[in-house]
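**Student:** Take this sequence and fold it.
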Amino acid sequence: MDNDYLSGVIWFNIGAFAFGLILAISSFVHYKKLGRTRTGVYWAIGCIATCLLVMNGIIKVSDVMDEHMKKQAFETLEETYHERGDRNNESFKNLEVVVISEKGRWSTAYNIYAANFNKQYTYKGKIEITVKNRQEKKVFTHVTETVTLKPGEKKELKNTNYDTTHYSYSWRWLGKLKK
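**Tutor:** Down below sits the predicted model:
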């Protein structure tokens, strides 16, 4: 897990705890006014626990969905390699990219996955991805940060966001293959 992910989980849990604490204090005060302090304590503990459980449940479901998408992308990388790859030579034909768009409320995340199916050569460089509309006209171009793909390695790269969804794309390698 990367630091951004852990930081996000920690902040979501702090937020859930704070919301649970607000509910806990208000329910405790309410039951204390009724003379039922013990019930107020139970409700307070329940509020905090429920908020934390619900938030962590949402995070877990999101993680499972992300892992499923990653698994599908890696399977697609394998399939395209078997269709287009050159098993007999070490070349750029053995490098594959898959871009999966994930529609959000206000924007679309373009998740980028890359694989190096060469047996000896490492790729180091950038990937230029051109997203196209239905008429195959360029909508935008995204160039990744520098990527290093060792022989046989598959990676999920940092995604890019755009305001609309398009499913067609092309890509090209902007780097070198080295032994």
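
**Student:** CA only for contacts and neighbour counts going forward, please
**Tutor:** Fine.

**Student:** quick one, strands of the chain?
**Tutor:** Using DSSP state E, the strands of the chain run over residues 95-103, 108-116, 122-132, 138-143, 147-149, 154-162, 168-178.

**Student:** mind saving the C-alpha coords of the third one as CSV?
**Tutor:** In this case it means strand 122-132. This file holds the C-alpha atoms of strand 122-132, laid out as CSV (Å, rounded to 0.1, in the frame of the first residue of the first chain):
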residue,chain,number,x,y,z
THR,A,122,13.7,-3.6,-19.2
TYR,A,123,11.6,-0.6,-20.5
LYS,A,124,12.4,2.8,-19.1
GLY,A,125,10.6,5.9,-20.3
LYS,A,126,7.1,7.4,-20.5
ILE,A,127,3.9,6.4,-22.2
GLU,A,128,1.9,8.8,-24.3
ILE,A,129,-1.8,8.0,-24.2
THR,A,130,-4.2,9.7,-26.6
VAL,A,131,-7.9,9.4,-25.7
LYS,A,132,-10.3,9.6,-28.7
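
**Student:** Nearest to the middle of this protein, which residue? Look it up for me.
**Tutor:** For the chain, residue 66 is the residue whose C-alpha lies nearest the centre (Cα atoms, centre = their mean; 5.7 Å).

**Student:** Next one: that residue from residue 44, what distance?
**Tutor:** Distance of residue 66 to residue 44, given as Cα to Cα, to the nearest Å: 34 Å.

**Student:** And for residue 81?
**Tutor:** To residue 44, residue 81 is 56 Å away according to Cα to Cα.

**Student:** More neighbours: those two, which one.
**Tutor:** Set side by side, residue 81 and residue 44 show more neighbours around residue 44, with 23 against 20, by other Cα atoms under 10 Å.

**Student:** how much space between that one and residue 31?
**Tutor:** Distance of residue 44 to residue 31, computed by Cα to Cα: 10 Å.

**Student:** And residue 75, by the same measure?
**Tutor:** Separation of residue 75 from residue 31 (Cα to Cα): 56 Å.

**Student:** Comparing the two, which residue is more hemmed in?
**Tutor:** Neighbour count, other Cα under 10 Å: between residue 75 and residue 31, residue 31 has more, with 17 against 12.

**Student:** which non-adjacent residue is nearest the more buried one?
**Tutor:** Using Cα to Cα, 6 or more residues apart in numbering and skipping residues adjacent in sequence, the residue nearest residue 31 is residue 40, 4.8 Å away.

**Student:** For stretch 153-171, buried residues please.
**Tutor:** Neighbour counts over stretch 153-171 (16 or more other Cα atoms under 10 Å) mark 153-156, 159, 161, 165-166, 168-169, 171 as buried.
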